[in-house]
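A.B. asks: build me a model from this:
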Amino acid sequence: MKIHFIAIGGSAMHNLAIALHLKGYEITGSDDEIFNPAKGRLEKYGLLPDSIGWNPDKITPELDAVILGMHAREDNPELLKAKNLGIKVFSYPEFLYEQSKDKMRIVVGGSHGKTTITAMILHVLQYHHVDCDYMVGAQLDGFEVMVRLTEQAPVMVMEGDEYLTSPIDRRSKFHLYQPNVGIISGIAWDHINVFPTFDMYVEQFRIFAKMIDKTFIYCEEDENVRKIGEELASCVHTEPYGIHPYVIRDGVCWLQTAQGEIPLRIFGQHNMMNLNAARLACREVGVSDEQFYEAIQTFHGASKRLELVQKNEKGIVYKDFAHSPSKLKATLNAVREQYPDYHLVACMELHTFSSLSKEFLVQYKHVMDAADVAMIFFDHKAVAHKKLPPITPEMVFEAFGRSDLRIFNETEHLVESLKEIKPDKTVYLLMSSGNFGGIVFEDLANQLLG
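C.D. replies: Numbering: from 1, shown residues only. The predicted structure follows:
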């Protein structure tokens, strides 16, 4: 098949392009900007466009389909030409469903935890040589490409995003996957640019859950998710879960199981819930609890999810993807519980549309209280780029409700302030979906712990 990608440089899109290339498809693509790691990975497989920009000449009648990325706009010249030629246009999730409609589909949804749960499931299945296709939104050790599509695998494991499908399809992505087994890890308001009320946001998860035709695995610790589970209990098999029992000794989290205590490389109450969801999902494909516990001991997390950057006798540096209030609070509490005797320095970047919105800032009240030192970074250029009304340090200070909150707009000032902190046994927790205006985390860790 000949497939053209409009906006091939996206994190999900370039992985799908590589997966189809490896499957034997003929792939072309375009984009108006492509950054690493997507750029280097596309180049490695010979899929990097010859030039940057949109080129309608690439849209020819010989194409079997076009896959449209969220980064493109409705008036994209390649999209318009494809429509004029009558070429089938798929969104990313539409095409994933088309490739997996004859497989058992496990779809992991939730405002937080979905990447980690998906990664845990894939780790366990790979450990036990269970053949499966997959799509996950973060780089995992042992997986070169984060999308796999084959003819033979009987199972497809997908991370289910609630954001919009494409510029021409306003449905949530995970509404297109038609899950056999579905997971909801938690609901905490996000993406206020497309779901301006919390009720509208919750409804996307309710629609998703109603599509499940076999087993609904849900976090009963979350009130909104529990309500959905109770609503569906008479329609589908439900598996509620909570925090898996565990203890912490000498800086190691030990899982308490029927087979005895099992040491883990991950930590935090939120991960003990994520782990329980993954265990129940693995049961659905025949992996016993004993097999699950054997495999999960070697799991050390997904990229940027409490990822250890550097550790020595002076301290520890972690980076994390946390940006929403619920993720921020869960990550901070996990680190505080794991390192109770350490000085905890938490630095968070306001980077997403929601976090940079004046109306949403109030959701961050007291979420950084677990830290000994709390810092917030935001770039005025990022606010302008997202076409949002300006926010001020005073707004941020009031929103977080912490009298000693430190606020930065310049990367250099943030780095200097971090370097001035010199107590013994310090944990530095850097949280962002970006990079604080250009910080290289490994270099910063060397400066802080060197």
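
A.B. asks: give the contact list for the residue nearest in space to the middle of the chain.
C.D. replies: Centroid-nearest residue in the chain, with CA atoms, centre = their mean: residue 115, separated by 4.6 Å. Residue 115 makes contact with 136, 137, 138, 159, 302, 305, 321 under the criterion CB atoms under 8 Å, 6 or more residues apart in numbering. Where you see a C-beta, it was placed from the backbone N, CA and C, and this is true even at glycine.

A.B. asks: next: residue 202.
C.D. replies: Applying CB under 8 Å, 6+ apart, the residues contacting residue 202 are 187, 224.

A.B. asks: the nearest residue to residue 159 once chain neighbours are set aside: which element?
C.D. replies: Counting by CB to CB, 6 or more residues apart in numbering, the nearest residue to residue 159 once its immediate chain neighbours are dropped is residue 118, at 4.4 Å. Per DSSP states H and E, residue 118 falls inside helix 114-127.

A.B. asks: after that helix, next one along is what?
C.D. replies: Following helix 114-127 toward the C-terminus (DSSP H and E): strand 133-135.

A.B. asks: who are the packing partners of the lowest-mean-pLDDT helix or strand in the chain?
C.D. replies: Across the helices and strands of the chain, mean confidence by mean pLDDT, DSSP states H and E is lowest for helix 380-385: a mean of 88. Under the contact criterion of 3 or more CB pairs under 8 Å, 6 or more residues apart in numbering; DSSP states H and E, helix 380-385 touches no helix or strand at all.

A.B. asks: now that helix: buried residues?
C.D. replies: By 16 or more other CB atoms under 10 Å, the buried positions in helix 380-385 come out as 382, 383.

A.B. asks: one more: stretch 192-201?
C.D. replies: Here stretch 192-201 shows 192, 193, 195, 201 as buried, counting by 16+ other CB under 10 Å.

A.B. asks: list the contacts of the nearest residue to the first one once chain neighbours are set aside.
C.D. replies: Going back to what we said before, that points to residue 192. Nearest residue to residue 192, sequence neighbours excluded (CB to CB, 6+ apart): residue 354, at 4.9 Å. Residue 354 makes contacts with 189, 190, 191, 192, 193, 324, 360, as judged by CB under 8 Å, 6+ apart.

A.B. asks: which secondary structure element contains residue 354?
C.D. replies: Going by DSSP H and E, residue 354 is not part of any helix or strand.

A.B. asks: export the helix holding residue 118 to PDB, keeping only CA atoms.
C.D. replies: Extracted in PDB, the C-alpha atoms of helix 114-127 (Å, rounded to 0.1, in the frame of the first residue of the first chain):
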ATOM      1  CA  LYS A 114      -2.400   5.800  31.000                       C
ATOM      2  CA  THR A 115       1.200   5.900  29.500                       C
ATOM      3  CA  THR A 116       2.600   4.000  32.500                       C
ATOM      4  CA  ILE A 117      -0.200   1.400  32.600                       C
ATOM      5  CA  THR A 118       0.200   0.800  28.900                       C
ATOM      6  CA  ALA A 119       4.000   0.500  29.300                       C
ATOM      7  CA  MET A 120       3.600  -1.900  32.200                       C
ATOM      8  CA  ILE A 121       1.200  -4.200  30.200                       C
ATOM      9  CA  LEU A 122       3.600  -4.200  27.200                       C
ATOM     10  CA  HIS A 123       6.600  -4.900  29.500                       C
ATOM     11  CA  VAL A 124       4.900  -7.900  31.000                       C
ATOM     12  CA  LEU A 125       3.700  -9.300  27.700                       C
ATOM     13  CA  GLN A 126       7.100  -8.900  26.100                       C
ATOM     14  CA  TYR A 127       8.700 -10.600  29.100                       C
END
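
A.B. asks: related to what we said a few turns ago, check the contacts of residue 354 and tell me the two furthest apart.
C.D. replies: 193 and 324 (13.6 Å; CB to CB).

A.B. asks: per-residue pLDDT of residue 401, please?
C.D. replies: Residue 401 carries a pLDDT score of 95 in this model.

A.B. asks: swap in residue 376?
C.D. replies: 98.

A.B. asks: now it: closest residue in space that isn't a chain neighbour?
C.D. replies: Closest to residue 376 by CB to CB, 6+ apart is residue 407, at 5.0 Å.

A.B. asks: now the one you found: how far from residue 21?
C.D. replies: 45 Å (CB to CB, to the nearest Å).

A.B. asks: distance check, residue 80 against residue 54.
C.D. replies: From residue 80 to residue 54 the distance is 10 Å (CB to CB).

A.B. asks: would you map out the domains in the protein?
C.D. replies: The chain is divided into the following domains under automatic domain parsing: 2-87, 95-296, 307-449.
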